[in-house]
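Q: quick one, structure for this:
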Amino acid sequence: MKKIINDPKNFVNEMLEGILVAHQDQLKYLNDDFRSLLRSDVTKKNKVGLMTGGGSGHLPLFLGYVGKGMLDACAVGGVFASPSAKTMFELTKAIDNGAGVIYIFGNYGGDVINFNMSEEMAKIEGIRIEQVIGNDDVASAPKGSENDRRGVAGIFFIYKIAGAYAEEMASIDEVKRIAEKARINTRTMGVGLSPCILPEIGKPTFEIGEDDMEVGIGIHGEAGIKKGKLESADEIAEDIMGKILADYSFNSGDEVSVLINGLGATPKEELYIIYRKIFKILNSKGINVFHPYIGEFATSLEMSGISISLLKLDDELKYFLSKPAKTPFFEQAQL
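A: Below you'll find the predicted structure:
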């Protein structure tokens, strides 16, 4: 194992300390706990609070989207591990400005349990809580069982759209409505080429042949829908897009946003080769691309591979996607 670290047991806290001292103009932490991250700017009274949480190892997911126009807080867990319900609850109290708090997180067992526990504690304190659970990964459960699907890179779209509406001082019911619309309209699928190594374990999370790939892989190395020999970029794009387009109602005349996400060790050059083919596929079907996002949005340490997300837009979703945002890991001017 070759990693630029100190004691593996200190990996998460030292990473967080580095982020906090680098971005103290945008982030702060609560109760002397590096794993409780907040926006450092003062948010408005009666603004709906937006919070996420999840394991480390996925930068910029989850904590990278705390900032203006997006999220207000993030509870940070160990590598690929859920944060605690106590951390979630303390952050909930900190970001409640009188309008309630929405939890936006991926569909993983530990996160679901702990966010539910935090919600129960918050209700005792009189804080209204709503939840929006990302489940965009089409490979993790068949059509018709969408509630069983994992949340992967497409959760970015929920953060962006809900964050923009909350910034406009919308009610909790309205912000949840737009977040749910973004969730329902997003589909993702990925392919993995190599495993990653957890610092405290020191060995690969799974095995894959030098010339093989795993189609439909999860961001923790969860198995996909098939293993096979490595295909060309165009073949990978055609395979993934075929499954995404068949899973939801994408039709000629539609407008979409495309997210091409690197899993941690994929050069941007390769992401643009993939996007080139995706643009051609969509264009051939009469589907217009409003705005592409190309880069690393939800990684898995040093895993090699990509994921592709499509968000089907309407005028309302497009309006909020277009709004500016600024976090330490993501910045967008008005589109």
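
Q: switch to C-alpha atoms for all contacts and neighbour counts from now on
A: Noted.

Q: list the strands paired with the helix or strand harbouring residue 50, with their directions.
A: Per DSSP states H and E: residue 50 is located in strand 49-56. When sheet partners are counted by DSSP bridges, strand 49-56 sits next to strand 73-79 (parallel), strand 101-106 (parallel).

Q: would you turn those into a markdown table with mean pLDDT and distance to residue 235?
A: Listed next are the strands paired with strand 49-56 as a markdown table, based on pLDDT from 0 to 100; distance: least, C-alpha to C-alpha, whole Å:
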| stretch | mean pLDDT | distance to residue 235 |
| --- | --- | --- |
| strand 73-79 | 98 | 32 |
| strand 101-106 | 98 | 29 |
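
Q: in JSON lines: the ones you listed, plus mean neighbour count.
A: Listed next are the strands paired with strand 49-56 as JSON lines, based on neighbours: other C-alpha atoms under 10 Å:
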{"stretch": "strand 73-79", "mean neighbour count": "25"}
{"stretch": "strand 101-106", "mean neighbour count": "25"}
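
Q: dump those strands to CSV, plus distance to residue 154.
A: Converted to CSV, these look like this (distance: least, C-alpha to C-alpha, whole Å):
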stretch, distance to residue 154
strand 73-79, 17
strand 101-106, 10
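
Q: nearest to residue 46, out of the ones you listed?
A: strand 101-106 (10.5 Å; C-alpha to C-alpha).

Q: restricting to C-alpha, output that closest one in CSV.
A: Taking C-alpha atoms only, strand 101-106 is exported to CSV below (Å, rounded to 0.1, in the frame of the first residue of the first chain):
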residue,chain,number,x,y,z
VAL,A,101,-34.4,21.1,8.5
ILE,A,102,-34.2,18.8,5.6
TYR,A,103,-31.9,15.8,5.6
ILE,A,104,-30.6,14.9,2.1
PHE,A,105,-28.5,11.7,2.0
GLY,A,106,-27.8,8.5,0.1
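
Q: quick one: residues in contact with that strand.
A: 48-54, 92, 95, 111, 115, 127-135, 150-152, 155, 158-159, 172, 176 (C-alpha atoms under 8 Å, 6 or more residues apart in numbering).

Q: what of stretch 29-48?
A: 13, 16-17, 20, 24-28, 63, 66-68, 71-77, 87-88, 91, 96-102, 166-167, 169-172, 175.

Q: how about residue 76, nearest residue that isn't a chain neighbour?
A: residue 35 (4.7 Å; C-alpha to C-alpha, 6 or more residues apart in numbering).
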